[in-house]
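J.: Model the structure of this input:
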Amino acid sequence: MLPFIRISGLGYAFPDGNTLFRNISINITAGKTGIVGANGCGKTTLLKLISGDRQPSEGSVLLNGSLAVLEQDHSHYSTRTVTEVLDVGRKLSALYAITSGTGTEADYTLLDEDWTIEERLLHILRMAGLETIPPGRLFADLSGGEATRLLLAKSLLQNADFILLDEPTNHLDGKNRELLYAVVRDHSKGLLVVSHDRQLLRLMDTIVELGPSAATTYGGNYDFYVQQKEVERSALEQRTLTAELQLIKGEKIAARTAASRKIMNVRAHKNSRNGGIPKILLNRRKGNGERTLARITAVHEKKLTRMRNRVDELKTHLQMQNGIKIDLSPNPEYKGKILVKADGVNFGYDGTLLWQQDIDFTLHAKERTSLTGDNGSGKTTFVNLLTGRIQPVCGNVARNNIRIGIIDQKYEQVDPDLTVLENIQRCAPRGVQEHDLRIRLGRFLFYKEDVFRRAGDLSGGEKCRLAMACLLAVSNEPDLIILDEPTNNQDLASIEQMQIALQQYSGALLVISHDRDFLESVGIKTVLDINKYRKY
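T.: Model prediction:
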């Protein structure tokens, strides 16, 4: 029987009783499967339930085959060598003993007929770009990208039927991402990948969208998934329009019926009174007419309530799919103006410079530039020089009289102890009314009671939206926005919403990101590659 993972009626609840998701059913077979969904929907928890690290509240996971996991916690490897992390030393020793004719029964048991272990090891290390790393190097001395690729190699060496990967490209630079993509392309067995990396998701055979009460399977890669979601959205818009038209028609029918019944009651009462009917009987007939009208009105109102609830439900679903809306006007007098200029800058400590060459850089108004370089090349340091957070040890930075907005990976401009509304009030010019700020927050998808949520309780995507609202949804629009890895830890919907906002923003952008889709979407035209200046 072919390997499979069968998830049936799966649910998970936290110890406090709150349910994360329920009624999740998925059939996963060999191939590459990507799992997507909103931040906080339980994607990582689902992987832990599959691996057995957590137990479900309801339902079951049936695994037919073997499983390997790309580990997220690296701390226990810090004192181990590359060979020890890969855990192949004893197996290779057994192989060498057997092939030299000195093998024992224990060696055969340890090898477990894995006769290609040496060839697979060399192939996997080459494929992961690790073949030049000395076997005795400590794990703690590896770069972040090397560490991730080494643990991926460890997973591949297990030759498992399925490998679970949770956000494997987070914090990887462009070079390391390309190496990981190559490994994924070449892998012939099952992969189950949680990711927001659209390049990686394009390598998948199937996309599964996880929700609170269902999992929907799309039989194609990310681009196919996007097309199908657009079809679903169009259908939802049509259903919403149809429901609204039915509600309007129902309200008109109810109004006409009530008006007609009132006229009938008045006419019947008038005729009865002119016919000399006793007053007590007149009152009884009048009461009967009013009760009939009340019953008819109640029946119509019950129908209308159901119709209104249906419209509200459809509008809520449609609203959840809406993108950010902002109304920023261009600032034509800034065209061509130099915002920031760095002349021969460098940074370092105790006479040791970070870059081998000093950096010259000029950023004009409305210009959109990507700051690239390998992990550790000094991208964030260069941004801190441009913004004045740190001072260069040589050269100088000239900043025009401009407003700079920064959205970093930790969203430091958002005060976690304040509510959503209090955060934007803190950033807004004096005199802006609460009503206006709530309208602006709505454009960043914070509605009704959302504005009173504590910022520290928001997800990563929500914090990013709030940070952008604070920067963009007030009259003092920044002339320059600097984004440091803005798509890390964001779900796909949040990334799309950020792109929409930045497409409408008319100022300059300086972006540190390895997400090619994101860079293209926000209109990056020039690139500053820090690798050209660094020491090797």
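
J.: So for stretch 46-65, what gets flagged as buried?
T.: Residues of stretch 46-65 classed as buried by neighbour count (16 or more other Cβ atoms under 10 Å): Leu46, Leu47, Lys48, Leu49, Ile50, Ser51, Pro56, Ser57, Gly59, Val61, Leu63, Gly65. C-beta: built from backbone N, CA, C; applies to glycine.

J.: So the third one sits against Arg54, correct?
T.: The reference is to Lys48. Yes: with contact defined as Cβ atoms under 8 Å, Lys48 and Arg54 form a contacting pair (4.4 Å).

J.: Which two among the buried residues of stretch 46-65 are spaced furthest apart?
T.: The span of these, defined through Cβ to Cβ, is set by Ser57 and Gly65 at 24.8 Å.

J.: for this protein, what are the low-confidence residue spans?
T.: The chain contains residues with pLDDT under 70 at 260-294, 316-336, 473-476, 535-536.

J.: Tell me how this protein divides into domains.
T.: Per the record, the chain has its domains at 4-225, 229-320, 332-532, by automatic domain parsing.

J.: what's near enough to touch Gln120?
T.: I think there's a mix-up here, since residue 120 is Arg and not Gln. Residues near Arg120 by Cβ atoms under 8 Å, 6 or more residues apart in numbering: Leu156, Leu157, Asn159.

J.: Pairing partners for Ile407 in the sheet, please.
T.: Ile407 forms beta bridges with Leu483, as assigned by DSSP bridges.

J.: pretty sure it is touching Gly460, no?
T.: No: using Cβ under 8 Å, Ile407 is not in contact with Gly460; the gap is 11.7 Å.

J.: more crowded one of these two?
T.: Neighbour count, other Cβ atoms under 10 Å: between Ile407 and Gly460, Ile407 has more, with 23 against 17.

J.: residues contacting that one?
T.: Here Ile407 is in contact with Gln413, Cys464, Ala467, Met468, Leu471, Ile481, Ile482, Leu483, Asp484, Pro486 (Cβ under 8 Å, 6+ apart).

J.: and if you look at Lys525?
T.: Contact partners of Lys525, counting by Cβ under 8 Å, 6+ apart, are Glu367, Arg368, Thr369.

J.: closest to Asp223 among those?
T.: Nearest member of the contacts of Lys525 to Asp223, counting by Cβ to Cβ, is Arg368, at 24.6 Å.

J.: On the strand side of things, show who the closest one bridges to.
T.: Residues in a beta bridge with Arg368, per DSSP bridges, are Leu509.

J.: Around it, how many other residues sit close by?
T.: 19.

J.: Start the count at 16 instead of 1 going forward.
T.: Happy to do that; since the first residue is 16 now, the last one works out to Arg383.

J.: What residues does it make contact with?
T.: Ala523, Leu524, Val526, Val537, Gly538, Ile539, Lys540, Thr541.

J.: how close does the residue lying closest to the fourth one once chain neighbours are set aside get to Phe362?
T.: Among residues not flanking Val537 along the chain, Leu517 sits closest, at 4.4 Å (Cβ to Cβ, 6 or more residues apart in numbering). Distance, Leu517 to Phe362, by Cβ to Cβ, to the nearest Å: 28 Å.

J.: out of those two, which sits in the more crowded spot?
T.: Neighbour tally, Leu517 and Phe362, criterion other Cβ under 10 Å: the higher count belongs to Leu517, 23 against 19.

J.: Gly410 - that's part of a helix, no?
T.: No: according to DSSP: H, G, I helix; E, B strand; the rest coil, the state of Gly410 is strand, so it is not within a helix.

J.: list the contacts for it?
T.: Counting by Cβ under 8 Å, 6+ apart, Gly410 touches Ala357, Asp358, Gly359, Val360, Asn361, Asp373, Ile374.

J.: now those residues as CSV including distance to Glu224, secondary structure and neighbour count?
T.: Formatted as CSV, the contacts of Gly410 follow (distance: Cβ to Cβ, whole Å; DSSP: H, G, I helix; E, B strand; the rest coil; neighbours: other Cβ atoms under 10 Å):
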residue, distance to Glu224, secondary structure, neighbour count
Ala357, 44, strand, 22
Asp358, 50, strand, 15
Gly359, 50, strand, 12
Val360, 46, strand, 21
Asn361, 47, strand, 21
Asp373, 49, coil, 15
Ile374, 43, strand, 21
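
J.: what's the farthest-apart pair in those?
T.: Farthest pair in the contacts of Gly410 (Cβ to Cβ) is Asp358 and Asn361. Separation: 11.0 Å.

J.: sec struct for Ala270, please.
T.: helix.

J.: contacting residues around stretch 233-247?
T.: Stretch 233-247 has contacts (Cβ under 8 Å, 6+ apart) with Gly49, Val51, Arg213, Leu216, Arg217, Leu218, Met219, Asp220, Thr221, Ile222, Val223, Glu224.

J.: rerun at 10 Å
T.: Residues from elsewhere that reach stretch 233-247 (Cβ atoms under 10 Å, 6 or more residues apart in numbering): 47, 49, 51, 210, 212-224, 231-232, 336, 507-508, 511, 532.

J.: Likewise for stretch 434-445?
T.: Stretch 434-445 has contacts (Cβ under 10 Å, 6+ apart) with 420, 428-433, 447, 449, 451-453, 455-456, 459, 461, 464-473, 477-478, 480-482, 484-486, 488-491.

J.: cool, and stretch 106-125?
T.: Stretch 106-125 is contacted by residues 98, 101, 103, 105, 126-127, 129-133, 136, 172 when judged by Cβ under 10 Å, 6+ apart.

J.: which of the residues in it are buried?
T.: Under 16+ other Cβ under 10 Å, the buried positions of stretch 106-125 are Lys106, Ala109, Leu110, Ala112, Ile113, Gly118, Asp122, Leu125.

J.: Check the offset of the helix or strand containing the first one from the chain's centre.
T.: Element membership of Lys106 [criterion: DSSP states H and E] is helix 104-114. The gap between the average C-alpha position of helix 104-114 and the chain average comes to 45 Å, counting by Cα atoms, centre = their mean, to the nearest Å.

J.: export it as CSV, just CAs?
T.: What follows is helix 104-114, C-alpha atoms only, in CSV (Å, rounded to 0.1, in the frame of the first residue of the first chain):
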residue,chain,number,x,y,z
GLY,A,104,28.8,8.3,11.7
ARG,A,105,27.8,4.9,13.1
LYS,A,106,26.0,3.8,10.0
LEU,A,107,28.9,4.7,7.8
SER,A,108,31.3,2.9,10.1
ALA,A,109,29.1,-0.2,9.9
LEU,A,110,29.0,0.1,6.1
TYR,A,111,32.9,0.4,5.9
ALA,A,112,33.3,-2.6,8.3
ILE,A,113,30.9,-4.8,6.2
THR,A,114,32.6,-3.8,2.8
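
J.: What's the first helix or strand after it?
T.: Moving toward the C-terminus from helix 104-114, the next helix or strand (DSSP H and E) is helix 120-126.

J.: For that following helix, list the C-alpha coordinates in CSV.
T.: Taking C-alpha atoms only, helix 120-126 is exported to CSV below (Å, rounded to 0.1, in the frame of the first residue of the first chain):
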residue,chain,number,x,y,z
GLU,A,120,25.9,-9.0,13.0
ALA,A,121,25.5,-5.8,14.9
ASP,A,122,26.9,-3.8,11.9
TYR,A,123,24.3,-5.5,9.6
THR,A,124,21.5,-4.6,12.1
LEU,A,125,22.7,-1.0,12.3
LEU,A,126,23.0,-0.5,8.6
